[in-house]
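[1] can you look at this prediction? I've put the sequence above it.
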Amino acid sequence: MLSRLTRAAVVLLATVLAAPIHAQEGHPLKGSWIGVWESNKDAGDDVLMVLNWDGKTISGIINPGTDNMKIANATLDPIGWKVHIEADGKNKAGAAVHYVIDGTLKDLELPSRSVTGTWQSQSGKGKFDVRRQ
Amino acid sequence: MTYNQKRNRRNWWIGAAGIAALLLGSTAAWAHHEIAGKFDLSKTVDLTGVVTYVDWRNPHVHVFVNVRTGKELLNWAIELESPTILEMDGWNRNNLRPGDAIAVKGPRARDGSRQVWGGDQVRFTETGLPVFPAKLHPSQAATTSRPAPRGPDGHPALGGLTPAAEGYWTDPSQTSLVEDGVNVKADEWGLLANPADADKVAPMQPWALGVYRHRQERQLRDDPMYLSCKPPGGPRQYQSRLGVEFVEDRARQRIFVLMGSGNHNYRIVYMDQNRKTGLVTGDDDNPLYFGRSSGKWDGDTLVVDTIGFNEDFWFTNGGLPHTSQLHLVERFTRSDFDTLRYQVQVDDPGAYTRSWSASWTMKWNGGTVPFYFCQNNRP
């Protein structure tokens, strides 16, 4: 019986998680994004971005909290939906780290659209993949 | 594990997966929509068969027909306009009954399922007479111009002054938002006849133009008003044949605008120059589908100033984007008894390069605004 309940909970949870998220029909990058920047030894693999649009500039922060990084420059080119983000943070030793993220916005029509591409800094580079929440 | 245990386990998983699929499917089902979004207008099929069932429900009527194809007898679904629209045109659920022989010619569903858009192309096989033609743009018979009625305050009445004189505004002369002076053609739902006209429609920022083109290329199939019954905020509430009704509450200095489309939504225009804020009526932390509106009379024109929109909906047919910076100034002028001129100034520095305006007229129709509900229950 317990195993059936467990399975039912898993199915229900999967259903809830798969349900459409909060709609966003305005600027495609506005919102919260969660995903990974693989092999990032300074910040860890998990990444969270909060982006905003004021009509002229895309602003925001990466990993809001104690080790947040302010986005210094971000652009969205609607031809090909290319995304470019630059942000400044610090590594565990307190040294400045400059991140450059380049990716492509996919599934534009979905609230759960994604940005996939690469990240790089003085410390390394790797795959970047985030999805809007 | 015995065979029965294995079978029960397998059946349990099939059942669970089915329930999950139903739950997921219910959130993504089609409702009232741009026809080209669901049906491929370039792939027409001819069907002749016998009616098995007439499903007379919002958002669309479906007629199910048994069609013989070779040795097979297949059931097809013919999709028609909403019952509200069809009833406005004088049709009812009894015009077609199981056993009637009909023929239909229409575009087939894009997903390959046995669904056809019937539109006005359903005919009785025996007589050749049409069934259910909806008049999406009913022509207005020329009427003698009558002066607009005036309320006790001397301003033109936008609604009926008594219950017996109740009426609503319908038959918009334009059903998509295009800048005044620009000549582009679009269908009932705002789908451009020529996609290359996209950049002429309004002075969009590059990202907004890209989003608009994307929505147009996808035949408007992502419209949140159809996918998830989001309200028709902004000028969109005045773009439906289902109309709007004004109810003026002079004692409390507010005007209700009741919508026949969307989900029978309404908005409130506050006439005391005190734009309401707060959790229920919206503030910066709680932007709204209809924003927060403040109205005043400028001569015989009602001027409504609205801010505080959220970004969860399309503010016009056709899918022009907007942001939470959207600021609308709407002007309503009842130029005579039967005509309401609507003019809207769009100011959204988040999506457009400058302010711009659009305008159209609506016609008076006696009676109560149609009772339509978007229902997310159909394929």
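    That came through, no problem. Numbers count the residues shown, from 1 in each chain, chains lettered A, B, ... in the order given.

[2] residue 38: neighbouring residues, count only.
    Since you didn't name a chain, this refers to chain A. 15 (other Cβ atoms under 10 Å in any protein chain shown). Any C-beta I mention is one placed from the backbone N, CA and C, and that applies to glycine too.

[3] ah, no, chain B please
    By other Cβ under 10 Å, neighbour count at residue B:38 equals 21.

[4] and the residue lying closest to residue B:203 once chain neighbours are set aside, what does it touch?
    Distance criterion Cβ to Cβ, 6 or more residues apart in numbering or on different chains; nearest residue to residue B:203, sequence neighbours excluded, is residue B:353 at 4.6 Å. Contact partners of residue B:353, counting by Cβ atoms under 8 Å, 6 or more residues apart in numbering or on different chains, are B:203-205.

[5] got phi/psi on residue B:353?
    For residue B:353, the backbone dihedrals (degrees, to the nearest 10) come out as phi -90, psi -20.

[6] next: residue B:124.
    phi -70, psi 130.

[7] quick one: low-confidence parts of the chain?
    In the absence of a named chain, chain A is used. Along chain A, the parts satisfying pLDDT under 70 run over A:1-22.

[8] that was the other one, I meant chain B.
    Within chain B, the stretches with pLDDT under 70 are B:1-33, B:133-143, B:275-286, B:375-379.

[9] secondary structure class for the residue of the stretch 151-300 of chain B found nearest chain A?
    Going by Cβ to the nearest Cβ, chain A is nearest to residue B:210 of the stretch 151-300 of chain B, at 2.8 Å. Put simply, residue B:210 is helix when judged by DSSP: H, G, I helix; E, B strand; the rest coil.

[10] go ahead and confirm it touches residue A:105.
    No. With contact defined as Cβ atoms under 8 Å, residue B:210 does not reach residue A:105; the gap is 9.8 Å.

[11] now for those two: what residues contact both?
    residue A:81.

[12] packing partners for whichever strand or helix holds residue B:246?
    Per DSSP states H and E: residue B:246 is located in strand B:244-249. With contacts taken as 3 or more Cβ pairs under 8 Å, 6 or more residues apart in numbering or on different chains; DSSP states H and E, strand B:244-249 sits against strand B:167-170, strand B:254-259.

[13] deepest of those, which one?
    Of the helices and strands packed on strand B:244-249, the one with the most neighbours on average (mean count of other Cβ atoms under 10 Å in any protein chain shown) is strand B:167-170, at a mean of 23.

[14] any idea how far residue A:105 is from residue A:48?
    17 Å (Cβ to Cβ, to the nearest Å).

[15] neighbour-wise, which of the two wins?
    Each of residue A:48 and residue A:105 has its neighbours counted (other Cβ under 10 Å); residue A:105 has more, 21 against 16.

[16] burial measure for the closest residue to that one other than its chain neighbours, as a count.
    In space, residue A:105 comes closest to residue A:81 once its chain neighbours are excluded; the distance is 3.9 Å by Cβ to Cβ, 6+ apart. Using other Cβ under 10 Å, residue A:81 is surrounded by 20 other residues.

[17] what secondary structure does residue B:296 sit in?
    strand.

[18] specify the beta-bridge partners of it.
    Beta bridges link residue B:296 to residue B:303 when assigned by DSSP bridges.

[19] got the buried residues for stretch B:151-161?
    By 16 or more other Cβ atoms under 10 Å in any protein chain shown, the buried positions in stretch B:151-161 come out as B:155-160.
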